[in-house]
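> whatever this is, show me its structure:
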Amino acid sequence: MGHVEVAHLGHVLPDGRVLLDDASFRVADGTVAALVGPNGAGKTTLLRLVAGDLEPQDGTITRSGGLGVMRQFIGNIRDESTVHDLLVYTAVPRVRDAAKALEQAELAMMERDDEPTQMRYARALAEWGDAGGYDAEVLWDACCVAALGVPYDRARWRDVKTLSGGEQKRLVLEALFRGPDEVLLLDEPDNYLDVPGKLWLEDRLRETPKTVLLVSHDRELLARAARQIITVEAGNVWVHGDGFATYARARRDRNERLEELRRRWDEEHAKLKALVRMFKQKAAYNSDMASRYQAAQTRLRRFEEAGPPEVPPRDQNIKVRLRGGRTGKRAVICEGLELTGLMRPFDLEVWYGERVAVLGSNGSGKSHFLRLLAEEDVAHTGAGRLGARVVPGLFAQTDARPDLRGRTPAEILMTEHARLRDEAMAALARYELQYCGDQAFETLSGGQQARLQILLLEMSGCTLLLLDEPTDNLDLASAEALQEGLEAYAGTVLAVTHDRWFARSFDRFVVFGADGSVYEAAEPVWDETRVARPR
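All right, here's what the predicted structure looks like:
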């Protein structure tokens, strides 16, 4: 089996910001450990260091066993790669190399059919077999059936961009959990998964004998599957070995201990400096005090060289000020609405001030429904309209904002919302975004992109919030700040979500069923096979 050990790791960003300072932890054989921390704290960078994508500037990283990696971009692939390419990406290095050589030989055979090319193709086929390529194809067939419902031969040339984000995630996760690697690094594996997919992931994490280090912000998944919580914040890393249920209390206790240690250090530092001053004054008129003065200086120097204890991390102070405004009594009216090819006609009324969670499996039409209410061009029949004085504001999944790419948060606020730079930076500071105000939107972490979108909604003055998976990339503090902001919001909220923790804060639950029906439930419905359906 395998393990991961990080010792005294240091990493500084090009702008001079210390991302990791003397970070150390160990994930033992067969342990499922979760990396948590504020957006932008360095979780993904830490995973990339462990994966070998980046070289550590200080410290060492050791691991045993084969390494399987799911990087953050899985679920948002929009290039020309195929299902075959995606599965090759999950394979062990020898299979990846053999696949590349075989593809090149096949391309050469298409261009010319001479004897050297045939021999090259034959060698590539032999290496493919020797590397375990045919065994890998058997594995991939099982993965395609489980994740996509079709065998590998039918799916291999399908463009990955035609798969939903959840299908991309599930396919890679199937390959990694079924594959030979003993250590798995998973960067936000639950994003884009619907709740049945998340329940499947939780089961795999509980059952797997592999060693897993994952990044996640899903509070339910953390509570159900993580045995060890590794926190990255303010450049430091600390470990809680008792699961997520006791994590919040452990973090409070740790910060209180750090505050007490720092207070004692400051008091001792002040005493030593006062002692040095006293002996300096006495030595000025009494030479017998010179040795004591020098001894006090030495003691102070050694104390300062040892350095102060770790400073307690500053809690994020995110202030969501969603205001809204009064509208007509009916905020949303749907009559015989059918999104073409996605669902059967349905009726729905949403009243001013209601909080409605839109639930259902991936591909059932939930995001299209929000886009229609946001007055985008979505093919439909029937009526889906807004009430009087209703101004919609859409939070799109972060990969759906090409209009923000290439622009910085400060620039976006200044140009779109007529803010002076000082005003823009003050607004960004309320969302803990002031330090990345001059970064391009696409270079921000997923959580930072999400917080910026919420800020833009705040400034737009919308009276109907249409939120498409708003908590997917938010860290724990940001998700809680959003929930508090929604409670104070004077308007109507419709939110598509697979976040079970977040969904409990809503009043109504509209379910987009897998069979095309749309119905209302008295409580969140995650598994339609276990609920009595309305007639």
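> list of residues touching the strand or helix carrying residue 59?
Remark: residue 59 resides in strand 58-64, with elements defined by DSSP states H and E. For strand 58-64, the surrounding residues in contact (CB atoms under 8 Å, 6 or more residues apart in numbering) are 1-11, 22-24, 49-50, 182-183. For the C-beta atoms, the positions are set from N, CA and C on the backbone; glycine is no exception.
> can you list the strands that the helix or strand that comes right after that strand pairs with?
Once the chain leaves strand 58-64, the next helix or strand it forms, by DSSP H and E, is strand 67-70. According to DSSP bridges, strand 67-70 forms sheet pairs with strand 183-187 (parallel).
> hey, where'd the helices end up in the stretch 151-300 of the chain?
152-155, 165-178, 195-207, 219-225, 247-285, 290-306 (DSSP state H, counting those that start in this stretch).
> ranking those helices by burial, who's on top?
helix 165-178 (a mean of 22; mean count of other CB atoms under 10 Å).
> report the buried residues of stretch 496-505.
496, 497, 498, 499, 500, 501, 502, 503, 505 (16 or more other CB atoms under 10 Å).
> do you know which of the helices of the stretch 151-300 of the chain lies nearest residue 128?
helix 152-155 (14.8 Å; CB to CB).
> all helices of the stretch 1-150 of the chain, in order?
Using DSSP H, counting those that start in this stretch, helices in the stretch 1-150 of the chain cover 43-51, 83-90, 93-111, 115-130, 133-148.
> about what we covered before: of the helices of the stretch 151-300 of the chain, which is nearest residue 57?
Here helix 290-306 is closest among the helices of the stretch 151-300 of the chain (CB to CB), at 22.6 Å.
> now the very next helix or strand once past the closest one, how far from the centre of its chain.
Per DSSP H and E, the first helix or strand lying C-terminal to helix 290-306 is strand 330-339. Remark: strand 330-339 is offset 33 Å from the chain centroid, using CA atoms, centre = their mean, to the nearest Å.
> give me the contact list for strand 330-339.
344-352, 354, 365, 368-369, 372-373, 378-387, 390, 463-464, 492, 494.
> can you tell me the closest non-neighbouring residue to residue 26?
residue 5 (4.6 Å; CB to CB, 6 or more residues apart in numbering).
> returning to that earlier point: just the buried members of the contacts of strand 58-64?
2, 3, 4, 6, 9, 11, 23, 49, 50, 182, 183.
> just these: which are in strands?
3, 4, 6, 9, 11, 23, 183 (DSSP state E).
> now the residues you listed in CSV, with distance to residue 484 and pLDDT?
Below are these laid out as CSV (distance: CB to CB, whole Å; pLDDT from 0 to 100):
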residue, distance to residue 484, pLDDT
3, 40, 94
4, 36, 95
6, 35, 95
9, 35, 94
11, 33, 92
23, 31, 92
183, 38, 96
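> with distance to residue 427 added, can I get those in a markdown table?
Formatted as a markdown table, those follow (distance: CB to CB, whole Å):
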| residue | distance to residue 427 |
| --- | --- |
| 3 | 45 |
| 4 | 40 |
| 6 | 37 |
| 9 | 35 |
| 11 | 30 |
| 23 | 32 |
| 183 | 42 |
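> no further questions, thank you.
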